[in-house]
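> Predicted model, plus sequence, below.
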Protein chains: 2
Amino acid sequence: MGSSHSALNFGAGPAKLPRSVLVEVQNEFLSYKDSGMSLIEMSHRSKEYDAINNSAQQLIRELLNVPSNYKIIFMQGGGLGCFSAICMNLMGRTGEADYLVTGTWSHIAAKEAAKYGKVNMVFPRPENRSIPDPSTWKLSENASFVYYCDNETVDGVEFHFVPETNGVPLVADMSSNIMTKKVDVSKYGIIFAGAQKNIGPSGTVVVIVREDLLGNAMKTCPTVFDFAHISKNNSVHHTPTTFAVYVMEKVLQWIKTSGGVDKMAENSHQKSTLLYDAINNSNNFYVCPIEESCGVG
Amino acid sequence: MGSSHSALNFGAGPAKLPRSVLVEVQNEFLSYKDSGMSLIEMSHRSKEYDAINNSAQQLIRELLNVPSNYKIIFMQGGGLGCFSAICMNLMGRTGEADYLVTGTWSHIAAKEAAKYGKVNMVFPRPENRSIPDPSTWKLSENASFVYYCDNETVDGVEFHFVPETNGVPLVADMSSNIMTKKVDVSKYGIIFAGAQKNIGPSGTVVVIVREDLLGNAMKTCPTVFDFAHISKNNSVHHTPTTFAVYVMEKVLQWIKTSGGVDKMAENSHQKSTLLYDAINNSNNFYVCPIEESCGVG
């Protein structure tokens, strides 16, 4: 991904991007497709941006094999904005939701959710970095959705299975592991990801949402967070962060030509094995606080 | 601003940016300040972004002569997101607000506000493109704020005076005329502007807010829209659109070195005079639907 002149960046987000993508963006920065305009000067209603917007959606659909009854939308507000948006779109259905808290981000999401309804904790937050055995989970009968963070960026806890919710829509924050493994999207109500960790710069959030969940937004849901409204308007109902979607489209294209999600999964496994092996072979100089079953992917 | 090779772009937003800013961004795109990283790969908590973030705030303060009892924050969600955020931050104080509807954007803002409380129309929406005489306005006694759009981008109606609200906080959408004229900020409760029309690419909104108005957010206000929370965390409480703030900082610097707001006001007047003169001298081939008092700035 890098060249000998580029620094290594282990930050979770904004994170490192493929060198070839950066070079491409740089080369066409002053005049996008010979238009004489920078992409960042172009209208979000231009044919150029329309093509980018549609291509980015199509690439996500292709790379993650997203079924046709799911919409792919781009919104602003980051993962944290999406924590609120999820609730304002879905929680009104029953007034409550189940949360699986396994680290910092799901904890913050649950705290945000409490603004909008009753939050059921499916299990007490684990004291060690682990996922309690599903046989001990207390799922509610009346939950409008079950929420979890598929990979806790700060804490390192990753799910290697899809939580069973007995038909209740499952909502997953995949900000820090989207495109690093195959996902059976049909098992989810919503998958969302802030772009800046794995697939682009900051400024846009990808939301993959099952069609039948659209149209239930609370009255107080800001229009910019109303998934049905965004979807109906192909994510250009108001000015999106065009630059972020543009770079993301290039990263998705890079993933595709680099071998798709299968290859990314291989890379990711190789990378984390390197790290975990170094820790494990350090004679306890380094210690890994994460339970093995939810560590290395 | 342009070169002979660059196209003219009359779009309102995303809009044309100074050529020198684009060239600078291009030059340092692969390695920001010799870091070996692109700015878009850098953490929003890095010393590099911290400097950009603070400088952008300082430049706005300087260029608009913003008094010390006002905070300057950057948020996501665009102008439309800010329509909701304004209400969720201020409207809870009395449950109602006054709206001056003079065109498309203030109309949309008033519609959004109705989700959060009682909206009083200060005057019926004018049938022609004009601002009703202030002596005819019906301001409410109990409004938590008075809202207006200082320049209606779609309709062309611009205020050349500051509405008198008898002490009720005045909220202004200045997305399409910020930095094109001197403003007495002390007369406002809040001034906000989506960056993409006048001062940068899309992806960030500038909010200038009087300190005493902070801390009144509704319980259901998303954290990403809570002005007090954003301000307390210097606009990096979660990942901002770093690229948009970065380019905006350069545009603000360009405004400063180009002669500041005074010079921008002169340029803007020259530009609109050219346009209005062409219309007026066209023997009615072109017709201007905007009443003269709220037209050419």
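Thanks, I have the structure now.
> Excluding covalently adjacent residues, which one is nearest to the residue nearest the centre of chain A?
With distances taken as Cα atoms, centre = their mean, A:Ala193 lies nearest the centre of chain A, 1.5 Å away. Nearest non-adjacent residue to A:Ala193, counting by Cβ to Cβ, 6 or more residues apart in numbering or on different chains: A:Ile178, 4.1 Å away. All C-beta atoms are positioned from the backbone trio N, CA, C, and that covers glycine.
> A:Glu62 too?
Closest to A:Glu62 by Cβ to Cβ, 6+ apart is A:Lys256, at 7.1 Å.
> Distance of that neighbour relative to A:Asn128?
38 Å (Cβ to Cβ, to the nearest Å).
> Which of the two has more residues huddled nearby?
Taking neighbours as other Cβ atoms under 10 Å in any protein chain shown, A:Lys256 and A:Asn128 compare with A:Lys256 leading, 14 against 8.
> Chain B contacts on the stretch 1-150 of chain A?
With Cβ under 8 Å from any Cβ of the partner chain as the criterion, the stretch 1-150 of chain A meets chain B at residues A:5-7, A:9, A:11, A:13-17, A:22-23, A:25-26, A:29-31, A:35-38, A:40-44, A:76-81, A:83-85, A:88, A:112, A:115-116.
> still on that earlier bit, which helix or which strand is home to the residue nearest to A:Glu62?
helix A:242-257 (DSSP states H and E).
> With A:Thr165 instead?
A:Thr165 belongs to no helix or strand, assigned by DSSP H and E.
> Strands along chain A, start to end?
A:70-75, A:96-100, A:118-121, A:146-149, A:170-173, A:190-194, A:205-210 (DSSP state E).
> Which one of the ones you listed lies nearest to A:Ser272?
Proximity to A:Ser272 (Cβ to Cβ) singles out strand A:146-149 among the strands of chain A, at 17.3 Å.
> Report the strands that pair with the closest one, each with its relative direction.
strand A:96-100 (parallel), strand A:170-173 (parallel) (DSSP bridges).
> Show me what the longest helix seen in chain A is in contact with.
Ordering each helix of chain A by length in residues (DSSP state H) puts helix A:260-280 first. The contact list for helix A:260-280, computed with Cβ atoms under 8 Å, 6 or more residues apart in numbering or on different chains, reads A:63-64, A:177, A:179-182, A:255, A:258-259, A:286-288, A:295-297.
> one more time with 7 Å
For helix A:260-280, contacts defined as Cβ atoms under 7 Å, 6 or more residues apart in numbering or on different chains pick out A:63-64, A:179-182, A:255, A:286, A:288, A:295-297.
> wait, what's in contact with whichever residue of the stretch 51-200 of chain A sits closest to chain B?
Closest residue of the stretch 51-200 of chain A to chain B, Cβ to the nearest Cβ: A:Ser84 (3.5 Å). Counting by Cβ under 7 Å, 6+ apart, A:Ser84 touches A:112, A:225, B:222-223.
> Name the nearest residue to A:Pro222, sequence neighbours excluded.
Using Cβ to Cβ, 6+ apart, the nearest residue to A:Pro222 is B:Ser84, at 3.5 Å.
> any idea how far that neighbour lies from B:Leu214?
Taking Cβ to Cβ, one finds B:Ser84 at 17 Å from B:Leu214.
> Give me the neighbour count for A:Phe285.
8.
> Could you do A:Asn53 as well?
20.
> and it, how far is that from A:Glu141?
40 Å.
> that older thread, can you tell me which of the contacts of A:Ser84 lies closest to A:Met121?
A:Glu112 (14.2 Å).
> so the closest one makes contact with A:Ala85?
No - applying Cβ atoms under 7 Å as the test, A:Glu112 and A:Ala85 come out as separate, 9.8 Å apart.
> Compare those two (neighbour count), which wins?
More crowded of A:Glu112 and A:Ala85, by other Cβ under 10 Å: A:Ala85, with 27 against 21.
> For the closest residue to the more buried one other than its chain neighbours, which residues are in contact?
Once flanking residues are discounted, A:Ala85 sits nearest to A:Phe225: 3.9 Å by Cβ to Cβ, 6+ apart. A:Phe225 sits next to A:75, A:77, A:81, A:84-85, A:88 when contact means Cβ under 7 Å, 6+ apart.
> Filter those down to the ones in helices?
Those of the contacts of A:Phe225 lying in helices (DSSP H): A:81, A:84-85, A:88.
> Farthest-apart pair in those, please.
A:Gly81 and A:Met88 (10.4 Å).
> Need the residues that contact stretch A:170-179.
Outside stretch A:170-179, the residues touching it (Cβ under 7 Å, 6+ apart) are A:12, A:63, A:79, A:86, A:105, A:109, A:145-151, A:153, A:158, A:163, A:187-194, A:197-199, A:255, A:261, A:264.
> near chain B, which residues of the stretch 151-297 of chain A?
A:194, A:196, A:201-203, A:219-220, A:222-224, A:238-244 (Cβ under 7 Å from any Cβ of the partner chain).
> switch to 10 Å and redo it
A:175, A:194-197, A:200-205, A:218-225, A:237-245, A:247 (Cβ under 10 Å from any Cβ of the partner chain).
> Would you mind checking these for buried ones?
Among these, those scoring as buried are A:175, A:194-197, A:200-205, A:218, A:220-225, A:237-245, A:247 (criterion: 16 or more other Cβ atoms under 10 Å in any protein chain shown).
> Out of those residues, which sit inside helices?
Using DSSP H, those in helices are A:195-197, A:242-245, A:247.
> for the residues you listed, which one is nearest A:Lys71?
Closest to A:Lys71, out of all of these and judged by Cβ to Cβ, is A:Val245, at 15.6 Å.
> how much space between the closest one and A:Val251?
11 Å.
> likewise A:Leu100?
29 Å.
> Also A:Met88?
Taken as Cβ to Cβ, the span from A:Met88 to A:Val251 is 29 Å.
> Now A:Ala109: closest residue in space that isn't a chain neighbour?
A:Phe83 (4.4 Å).
> wouldn't the one you found be in contact with A:Lys111 here?
Yes - A:Phe83 lies in contact with A:Lys111 (Cβ atoms under 10 Å); the separation is 8.6 Å.
> Need the overlap of contacts for these two.
B:Thr223 (Cβ atoms under 10 Å, 6 or more residues apart in numbering or on different chains).
> Looking at the two, which one has more neighbours?
A:Phe83 (27 against 14).
> what residues are up against the more buried one?
Taking Cβ under 10 Å, 6+ apart as the test, what A:Phe83 contacts is A:77, A:105-106, A:108-113, A:115-116, A:147, A:173, A:192, B:222-224, B:238.
> quick one, phi psi at A:Phe159?
phi -80, psi 130 (degrees, to the nearest 10).
> I'd assumed A:Thr102 was in contact with it.
Yes - if you go by Cβ under 10 Å, A:Phe159 and A:Thr102 touch, sitting 8.0 Å apart.
> Touching both of the two, which residues are there?
Common neighbours of A:Phe159 and A:Thr102 (Cβ under 10 Å, 6+ apart) are A:131, A:148-152, A:294.
> top of the residues you listed by neighbour count?
A:Cys149 (30 neighbours).
> How about the contacts made by that residue?
Here A:Cys149 is in contact with A:79, A:99-109, A:155, A:157-159, A:171-177 (Cβ under 10 Å, 6+ apart).
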